[in-house]
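1. Fold the following.
(chains A, B and C)
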Amino acid sequence: MTGRRAVLGRAFYARDDVLEVARDLLGCLLVVPTRTGRRVSGRIVETEAYRGPEDRASHAYGGRRTARTETMYGAGGTAYVYFVYGMYHQFNVVTNAADVPHAVLVRALEPVEGVDLMRRRRGRARPRDLASGPGKLCIALGIDRGFDRADLRGDRVWIEAGAALRPREIASGPRVGIDYAGDWAARPWRFWVRDHPCVSVR
DNA sequence: TGTCCGATTGGT
DNA sequence: CCAATCGGACAG
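-> I've put the predicted structure just below:
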């Protein structure tokens, strides 16, 4: 497939520090081709790190291992996609080694390729409304539960390296929608490109 | 099997 | 502020 350069490999995802992976994912390009091979992609501008089993906000908190969370126990470099609120999907990247349930939730993208298709799927016109949220980006890219467990080095979905961001351009703060996590909710494990219009909230 | 609630979104 | 909407997790 042409134009498919610098696809992130095992070494990128297998690292120990999920916070580092979450930061490094900013600026990278998330790509999901259509059935006809057309590229639909967006620059990652917001992520959140989840560090089970100690992280109370993680689905793998306490070592919870169920049919749904099993994916998180796989080797780094696979997709963890789940369904929430009865209508939305969330796309995560599994990190670290097998049996270590760490993951990074991709929360927002800046549309890059296939923007018209993203507009049709989302029913919105402005670029900033297409993928500025975890549920929105899944709709825009056509990601559903069928992508759960997909190998990120395969041909269904992958991530390409982007230009490294300067530390100054990266902002961090508490993760969103995890008030049930007690003191873990305050940890600044959400990362985003400072002042970027496509970031989900705030 | 029954109940509770969610790693959200969009409209009021 | 709140409804939508349904599967996952867990109690019984």
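2. Quick test: name the residue nearest the centre of chain A.
-> With distances taken as C-alpha atoms, centre = their mean, the residue of chain A nearest its centroid is residue A:106 (2.1 Å).
3. Quick check, that residue in contact with residue A:50.
-> No - using C-beta atoms under 8 Å, residue A:106 is not in contact with residue A:50; the gap is 11.7 Å. For every residue, glycine as well, the C-beta is placed using N, CA and C.
4. which neighbours do those two share?
-> Shared contacts of residue A:106 and residue A:50, defined by C-beta atoms under 8 Å, 6 or more residues apart in numbering, are found at residue A:92.
5. Break down chain A into its strands, ranges please.
-> A:29-33, A:39-51, A:79-84, A:88-95, A:102-113, A:158-160, A:170-173, A:190-193 (DSSP state E).
6. Rounded mean pLDDT for the first one, please.
-> What that stands for is strand A:29-33. The average pLDDT within strand A:29-33 is 98.
7. Same check on the shortest one?
-> Mean pLDDT, computed over strand A:158-160, is 98.
8. got the residues of chain A near DNA strand C?
-> A:59, A:64, A:66-69, A:82-83, A:85-87 (C-beta under 7 Å from any atom of the strand).
9. Nearest to residue A:154, out of those residues: which one, please.
-> Relative to residue A:154, the closest of the residues of chain A next to DNA strand C is residue A:82; by C-beta to C-beta it sits at 19.1 Å.
10. tell me the two of the residues of chain A next to DNA strand C that are most distant?
-> That would be A:64 and A:87, which, of the residues of chain A next to DNA strand C, are the farthest apart (C-beta to C-beta) at 23.5 Å.
11. between these two, which one's more packed in?
-> Between residue A:64 and residue A:87, residue A:64 has the larger neighbour count (other C-beta atoms under 10 Å), namely 14 against 8.
12. circling back: tell me the spacing between the residue nearest to the centre of chain A and residue A:21.
-> Noted for residue A:106: a distance of 11 Å to residue A:21, by C-beta to C-beta, to the nearest Å.
13. what do those two both touch?
-> The contact sets of residue A:106 and residue A:21 overlap at residue A:93 (C-beta under 8 Å, 6+ apart).
14. got a list of what the residue nearest to the centre of chain A touches?
-> By C-beta under 8 Å, 6+ apart, the neighbours of residue A:106 are A:25, A:30, A:44, A:46-47, A:91-93, A:134, A:137.
15. Any idea what it is bridged to?
-> With DSSP bridges as the criterion, residue A:106 is bridged to residue A:47.
16. Next, work out how far apart it and residue A:170 are.
-> Residue A:106 sits at a distance of 15 Å from residue A:170 (criterion: C-beta to C-beta).
17. Let me see the ranges of the helices in chain A.
-> For chain A, the helices defined by DSSP state H cover A:10-13, A:18-25, A:115-122, A:134-141.
18. now the second one, how far from the centre of its chain.
-> Spelled out, that is helix A:18-25. Centroid displacement of helix A:18-25 relative to its chain, using C-alpha atoms, centre = their mean, to the nearest Å, is 11 Å.
19. which strands and helices sit next to it?
-> Under the contact criterion of 3 or more C-beta pairs under 8 Å, 6 or more residues apart in numbering; DSSP states H and E, helix A:18-25 touches helix A:10-13, strand A:39-51, strand A:88-95, strand A:102-113.
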